[in-house]
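Novice: Here is a sequence with its predicted model. Questions after.
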Amino acid sequence: MTSEFLPANNRWRSREQIIKAVETLPPLPAVAMRVMQVAQDPNSSAADLAVVVSSDPGLSARVLRVANSAAYRRQRDITSVQEALVMLGFLQARNIAISSAITGAYAPDALNVLFRIKEFWRHSMAVAFRASDLAGHSRRLDVPSAFTAGILHNMGRLAMFYADPAGVDQAVAEAIVQDVPLEAVERGLLGYDHAEIGGLLAEKWKLPLAIQEAIQQHHHDDHSAITIAGVVAAADRFATAHGILPGYIIPGAPTAEPDSEEFRRLMKQVDSLMQLVGGELVGVRVAS
């Protein structure tokens, strides 16, 4: 595969330079880590989540904005984070809190041309919902962990974008022209791919081992479906096969159509969360 692409960028070939690229991504916010910890605790409640959300003014404001949005009609404004989370329901509140805490830390950059962070998060949310749905079919897997791993599975690509936006745009252009997966171009141009970078990030952030493995291995197709890595890999394949690409769109390609009830339901979930999470992500066109 590497011989198909011209190695136009040699700056990230050494391990030292890879690690330096990882360091360019802003750290995962502490509040995001705490939200994930609460979400993955089977004994936690909306009150526990409210304590964590309330500790961060930005996240509190986003949750309150969601609770007072047109999607949740009420006779009076919600002014308490705990009341907002109870009103949203723990499952929805957990998904909103995790997604808001993570996406809020990595805002889109209007200067890039082909790599689109809005589409990046759209794909990530699709994988998160699909992975959590697949995990829910097994008593052995933790559904919140599957959702979190889905949201984070492509963070290595975001690190690459922060390190070299033009280089990522070049890789996207090659993927479109060659009609091959973007990770294949990454390996060809750079000598490694975003899964390797994501693994370094996950280790740096001290994420749970199951989530680290899912990030490192989400392009492996030999997983058993009874692991977090397995359901994330399957969810990633499902999203990509249905045209929900990881950070870009192919010009002129037909819009993905809901060819099954499961895909239709998935995209309604993504649509809802994309609209609720806010600010930078509002207005992204998603299938319905």
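Specialist: That came in fine, so what should we check first?
Novice: low pLDDT regions in the stretch 51-200 of the chain?
Specialist: Screening the stretch 51-200 of the chain residue by residue with the criterion pLDDT under 70, one finds the ranges 70-71, 73-74, 107-112.
Novice: now the helices for it?
Specialist: Under the criterion DSSP state H, counting those that start in this stretch, the stretch 51-200 of the chain contains helices at 57-67, 81-88, 90-103, 117-135, 143-152, 155-163, 165-178, 182-190, 194-204.
Novice: Report the contact partners of I96.
Specialist: When contacts are counted by Cβ atoms under 8 Å, 6 or more residues apart in numbering, I96 touches R62, V63, V66, L88, L273, L276, V277. Any C-beta I mention is one placed from the backbone N, CA and C, and that applies to glycine too.
Novice: What's the local residue count around the third one?
Specialist: Other residues near V66 come to 25 when the count uses other Cβ atoms under 10 Å.
Novice: from what I can see it touches L273, true?
Specialist: No: taking contacts as Cβ atoms under 8 Å, V66 lies outside contact range of L273: 9.8 Å.
Novice: Domain-wise, how is the chain divided?
Specialist: Following automatic domain parsing, one finds the domains of the chain at 27-105, 110-288.
Novice: Pick the most deeply packed of those.
Specialist: Burial of those is given as mean neighbour count (mean count of other Cβ atoms under 10 Å); domain 110-288 ranks first at a mean of 20.
Novice: In contact with the residue nearest to D48 when sequence neighbours are not counted, which residues?
Specialist: Once flanking residues are discounted, D48 sits nearest to V38: 5.3 Å by Cβ to Cβ, 6 or more residues apart in numbering. By Cβ under 8 Å, 6+ apart, the contact set of V38 is S44, D48, L49, V52.
Novice: Can you say which of the domains of the chain is nearest to K20?
Specialist: With Cβ to Cβ as the measure, domain 110-288 is the member of those nearest K20 (7.8 Å).
Novice: any idea which of the contacts of I96 is closest to W121?
Specialist: In terms of Cβ to Cβ, no member of the contacts of I96 lies closer to W121 than V277, at 8.0 Å.
Novice: Now distance to F263 and secondary structure too, for the contacts of V38, in a markdown table please.
Specialist: Shown next, in a markdown table, are the contacts of V38 (distance: Cβ to Cβ, whole Å; DSSP: H, G, I helix; E, B strand; the rest coil):
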| residue | distance to F263 | secondary structure |
| --- | --- | --- |
| S44 | 31 | coil |
| D48 | 34 | helix |
| L49 | 30 | helix |
| V52 | 33 | helix |
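Novice: just the residues you listed now: which is nearest R140?
Specialist: For the contacts of V38, the nearest to R140 is S44 (20.3 Å; Cβ to Cβ).
Novice: Quickly note the distance from that closest one to Q216.
Specialist: Separation of S44 from Q216 (Cβ to Cβ, to the nearest Å): 27 Å.
Novice: swap in L88?
Specialist: From L88 to Q216 the distance is 32 Å (Cβ to Cβ).
Novice: Likewise for S100?
Specialist: Here S100 is placed at a distance of 25 Å from Q216 (Cβ to Cβ).
Novice: quick one on the thing from earlier: export the domains of the chain as JSON lines, with columns for distance to K20.
Specialist: As requested, those are arranged in JSON lines below (distance: least, Cβ to Cβ, whole Å):
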{"stretch": "domain 27-105", "distance to K20": "15"}
{"stretch": "domain 110-288", "distance to K20": "8"}
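Novice: and the nearest residue to Q217 once chain neighbours are set aside, what element?
Specialist: Closest residue to Q217 apart from its sequence neighbours, by Cβ to Cβ, 6+ apart: A229 at 4.7 Å. Assigned by DSSP states H and E, A229 belongs to helix 228-241.
Novice: helices and strands around that helix, which ones?
Specialist: Packing partners of helix 228-241 (3 or more Cβ pairs under 8 Å, 6 or more residues apart in numbering; DSSP states H and E): helix 117-135, helix 143-152, helix 209-216.
Novice: Of all the ones you listed, which one is nearest H242?
Specialist: In terms of Cβ to Cβ, the element of the helices and strands packed on helix 228-241 nearest to H242 is helix 117-135, at 8.3 Å.
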